[in-house]
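S.K.: sequence and computational prediction follow.
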Amino acid sequence: MNENPTNHFEEELRRRLRPVEAPEGFTDRLMAALPAQQKPVVVPFTPRVARPFSAARQFGMPAALAASLMVAVLLGVQVSKDRAHDEEVARVEEQKGIAASRELMQALRVTSQKLDLAYEAVNSPPAAGDEENRS
Amino acid sequence: MNARIGFVIAALMLSGPAWAAAKGQLQIPEFAALAEKANESVTVTLDANLLGMAARFLSNEDPEQAKAKKLVSSLTGIYVRNYSFDSDYAYPKADIEGVRRQLNAPGWSRIVGVVSKKEHSNVEVFILADGNKAQGLAIIASEPREFTIVNIVGNIDLEQLHDLEGNFGVPDLDIETPQKPAAKPPAAAKPSAAETTK
């Protein structure tokens, strides 16, 4: 005999799920255990009040996102401006420095020329007819 | 309390020149009117900040700039006024005298004074000495068509001044340092004074 395990399982399931009669007196015991008068459960109901800024609440998240985006954009613009300003300051400083170094070299050359003039005058022999007075 | 404040104010007023200008710095006029009259002018005003800035842009590769960088490291100011004119004595001598009067102050010594009657030129070199260090250098050079005022302020080491000489087309002026009085033969210029009238 070829017994199908599926059939066996179905039969077992049917047997277990068959309606079973309640024990005698079960209904009476159950009814006796219940309170004489059941109080209804009262659920408080508070009607929702329409808030004045409901629109704001509704659009709060998009507005916050938009504001964040705007802040990010503004911050980006500011950072960009700051960077441009720093670069401009550095460029101006560099120009000033280069101009100052040129002036410095020019000043030293003028100083040298005049010291040279003094040297030549001190060391060259006096011309004929010129007065000479060294001290 | 009021007396104390008054005393502090009076002390500050009395010591005005000391804090108003660095030691060795001359009050040089701007000569703005002369700059317009001059056919060539050099006006250099470099305070300590600008000198520091200038030094950063001097190359260590270029020997002349490297020397200048070393020289200015101890300086606090360089002021030059140089004007050339097309005609004789187009500049007011009174302004130059005003600067020269400041060099009569204690501490300043004229180390070179050259008056050439032939060329009508006058070159004077002054040093404000403080021990072995020069705190200031001033040059006043006047010719019929040109005048120059140079004021270098700061710790000018005379050795460095020697170093400057010959590096910018200037030969050794034979300026002796106090530590080495016999280092050079007694030539025309002396630390005290060398004056020539031609």
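M.R.: Right, received. Where do you want to start?

S.K.: B:Ile140 is in what secondary structure piece?
M.R.: strand B:133-143 (DSSP states H and E).

S.K.: packing partners for that strand?
M.R.: Using 3 or more Cβ pairs under 8 Å, 6 or more residues apart in numbering or on different chains; DSSP states H and E, the elements in contact with strand B:133-143 are helix A:60-123, helix B:93-102, strand B:121-130, strand B:146-157, helix B:158-164. Where you see a C-beta, it was placed from the backbone N, CA and C, and this is true even at glycine.

S.K.: go with 7 Å
M.R.: If contacts are counted by 3 or more Cβ pairs under 7 Å, 6 or more residues apart in numbering or on different chains; DSSP states H and E, strand B:133-143 sits against helix A:60-123, helix B:93-102, strand B:121-130, strand B:146-157.

S.K.: want to throw these into CSV with mean pLDDT and mean neighbour count?
M.R.: Shown next, in CSV, are the helices and strands packed on strand B:133-143 (pLDDT from 0 to 100; neighbours: other Cβ atoms under 10 Å in any protein chain shown):
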stretch, mean pLDDT, mean neighbour count
helix A:60-123, 89, 15
helix B:93-102, 86, 14
strand B:121-130, 88, 21
strand B:146-157, 88, 23
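
S.K.: where do the strands sit along chain B?
M.R.: B:40-47, B:75-84, B:108-116, B:121-130, B:133-143, B:146-157, B:195-197 (DSSP state E).

S.K.: mind exporting the third one as PDB, just the C-alpha atoms?
M.R.: Only the C-alpha atoms of strand B:108-116 are listed here, as PDB (Å, rounded to 0.1, in the frame of the first residue of the first chain):
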ATOM      1  CA  TRP B 108      74.400 113.500  15.100                       C
ATOM      2  CA  SER B 109      77.900 113.900  13.700                       C
ATOM      3  CA  ARG B 110      79.000 115.000  10.300                       C
ATOM      4  CA  ILE B 111      81.400 112.500   9.000                       C
ATOM      5  CA  VAL B 112      81.900 113.900   5.500                       C
ATOM      6  CA  GLY B 113      81.400 117.400   4.300                       C
ATOM      7  CA  VAL B 114      82.300 118.400   0.800                       C
ATOM      8  CA  VAL B 115      81.800 121.900  -0.600                       C
ATOM      9  CA  SER B 116      82.900 122.300  -4.200                       C
END
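
S.K.: can you list the strands that it pairs with?
M.R.: strand B:121-130 (antiparallel), strand B:195-197 (parallel) (DSSP bridges).

S.K.: can you check the first one too?
M.R.: Partner strands and pairing direction for strand B:40-47 (DSSP bridges) are strand B:75-84 (antiparallel).

S.K.: need the helices and strands packed on strand B:133-143 in CSV with distance to A:Glu11, can you?
M.R.: Shown next, in CSV, are these (distance: least, Cβ to Cβ, whole Å):
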stretch, distance to A:Glu11
helix A:60-123, 59
helix B:93-102, 129
strand B:121-130, 123
strand B:146-157, 115
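
S.K.: right, and those - which one's nearest B:Pro63?
M.R.: helix A:60-123 (12.6 Å; Cβ to Cβ).

S.K.: does that closest one reach chain B?
M.R.: Yes: remark: helix A:60-123 sits within contact range of chain B at A:96-98, A:100-101, A:103-112, A:114-119, A:121-123, by Cβ under 7 Å from any Cβ of the partner chain.

S.K.: which strands or helices does that helix pack on?
M.R.: Packed against helix A:60-123, as judged by 3+ Cβ pairs under 7 Å, 6+ apart, are the following elements: strand B:40-47, helix B:48-56, helix B:63-72, strand B:75-84, strand B:108-116, strand B:121-130, strand B:133-143, strand B:146-157.

S.K.: as TSV, those with distance to B:Val99 would be great.
M.R.: Below are those laid out as TSV (distance: least, Cβ to Cβ, whole Å):
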stretch	distance to B:Val99
strand B:40-47	14
helix B:48-56	21
helix B:63-72	22
strand B:75-84	9
strand B:108-116	11
strand B:121-130	10
strand B:133-143	6
strand B:146-157	6
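
S.K.: of these, which is nearest A:His85?
M.R.: helix B:48-56 (19.3 Å).

S.K.: and the closest one with chain A, contact?
M.R.: Yes: remark: helix B:48-56 sits within contact range of chain A at B:Leu50, B:Leu51, B:Met53, B:Ala54, B:Arg56, by Cβ under 7 Å from any Cβ.

S.K.: please report how far the nearest residue to B:Gly77 once chain neighbours are set aside lies from B:Thr76.
M.R.: Counting by Cβ to Cβ, 6 or more residues apart in numbering or on different chains, B:Val153 is the residue found nearest to B:Gly77 once chain neighbours are left out, at 3.9 Å. Noted for B:Val153: a distance of 5 Å to B:Thr76, by Cβ to Cβ, to the nearest Å.
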